[in-house]
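1. Build me a model from this:
(one chain, ligands or ions: 1)
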Amino acid sequence: MPELPEVETTRRGIAPVLENQCITSVSVRDRRLRWPVSKTFAEDLIGQRITGVSRRAKYLLITLERGTLLWHLGMSGSLRVLPNGSPAQAHDHIDVELSSGRMLRFNDPRRFGCALWLLGDPHQHELLSHLGPEPLSDDFDAEYLAAKARKRSVAIKQFIMNAEIVVGVGNIYASEALFRAGIRPERAAGRIKPDEFKRLTHSIKLVLAAAIKVGGTTLRDYVNASGAPGYFRQKLFVYERGGEPCRNCKTPIVQITQGNRSTYYCPGCQR
Ligand SMILES: [Zn+2]
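-> Take a look at the predicted model:
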């Protein structure tokens, strides 16, 4: 599943291709995405110039002269840049052709992604308006997280994976950040100490920034958010290493289940 680093990598790949281009043609082969693609999707877009490509959580925001295209890659989606008219393969649901002769092609075998055309401020849309801060922004720091965690008994791992607290901390990054911060994942969020919140916010930023950096180096004309994602190249300390020796202290890594998700931690390094 594309996580925040893959979506940011995709954004960095497609932004220079899309910006300042006019949309000349739009093909929708299958409207049945997570939410149906609107019947007027093509006519709403054609003739408009793309003024910017940004990201909020795992949503890509393609800003046009009038309105915004809100794109989510879902479980299995990817956006590729190809020459206009390239033959479509299975699961290639949407093409957006540009005046440069290149196009943005959306492929999504499981169809959990979406492409929504919005007028007005996209950040007020119900999909975005309740989201917590971006993890790599200055708004996300130890003081913010400590204030949100006050009197909360929820486990710290589930707490940092809640998008209303902070966006983009997926299962892998939560386990890895808690390892680096030396915090056991089952501890109550409200019992974490101020210096631990400092280490935790720093670790979350570190693992996400490292994954984005790696993702960015593999990018060429082909932008793939569901193939070789950045985190597989990152050296993982605990994720999917149950029973294997800790890279730091040699204690076997423990695997537990929290909220139907696997969690991994080192009983030697994490308190
Ligand atoms: Zn250890």
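2. Look up which residues are beta-bridged to the closest residue to residue 34 other than its chain neighbours.
-> In this structure, residue 34 finds its nearest non-sequential neighbour in residue 114, 4.5 Å apart by Cβ to Cβ, 6 or more residues apart in numbering. Backbone N, C-alpha and C define where each C-beta goes, glycine included. Beta bridges link residue 114 to residue 72, judged by DSSP bridges.
3. Same check on residue 83?
-> In beta-bridge terms (that is, DSSP bridges), residue 83 pairs with residue 102.
4. For burial, what's the neighbour tally of it?
-> 11 (other Cβ atoms under 10 Å).
5. so it makes contact with residue 103?
-> Yes - using Cβ atoms under 8 Å, residue 83 is in contact with residue 103, at 7.4 Å.
6. what ranges do the helices span in the chain?
-> Secondary structure of the chain by DSSP state H: the helices cover 4-18, 41-45, 142-149, 156-160, 171-181, 194-217.
7. quick one: which of those is nearest the ion?
-> The ion lies closest to helix 171-181 among the helices of the chain, at 7.9 Å (Cβ to the ion).
8. ok, residue 271 touching residue 184?
-> Yes - using Cβ under 8 Å, residue 271 is in contact with residue 184, at 6.2 Å.
9. So if I had to pick from these two, which one is more boxed in?
-> Shown here are residue 271 and residue 184; by other Cβ under 10 Å, residue 184 has more neighbours (19 against 9).
10. residues near the closest residue to that one other than its chain neighbours, how many?
-> Setting aside the residues directly before and after it, residue 184 is nearest to residue 270 in space (Cβ to Cβ, 6+ apart), at 4.6 Å. Residue 270: 20 surrounding residues under other Cβ under 10 Å.
11. what residues are up against whichever residue of the stretch 101-250 of the chain sits closest to the ion?
-> Residue nearest to the ion within the stretch 101-250 of the chain: residue 246 (3.0 Å; Cβ to the ion). Residue 246 makes contact with 237, 238, 252, 253, 266, 268, 269, according to Cβ atoms under 8 Å, 6 or more residues apart in numbering.
12. of these, list those near the ion.
-> For the ion, the contacts drawn from these by Cβ under 5 Å from the ion are 266, 268, 269.
13. between these, which has the most around it?
-> residue 266 (23 neighbours).
14. Excluding chain neighbours, give the residue nearest to that residue in space.
-> Leaving aside its chain neighbours, residue 266 sits nearest to residue 246 (4.3 Å; criterion: Cβ to Cβ, 6+ apart).
15. got it, and residue 26?
-> Going by Cβ to Cβ, 6+ apart, residue 26 has residue 42 as its nearest residue, at 3.9 Å.
16. what about that neighbour, distance to residue 27?
-> 7 Å (Cβ to Cβ, to the nearest Å).
17. neighbour-wise, which of the two wins?
-> Taking other Cβ under 10 Å, residue 42 and residue 27 do not tie; residue 42 has more neighbours (17 against 14).
18. Going by neighbour count, list what's buried in stretch 120-140.
-> For stretch 120-140, the buried set under the neighbour-count rule, 16 or more other Cβ atoms under 10 Å, comprises 122, 125, 127, 128, 131, 132, 133, 134, 135, 140.
19. want to throw these into TSV with pLDDT?
-> Below are the buried residues of stretch 120-140 laid out as TSV (pLDDT from 0 to 100):
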residue	pLDDT
122	97
125	96
127	96
128	97
131	98
132	98
133	98
134	98
135	98
140	98
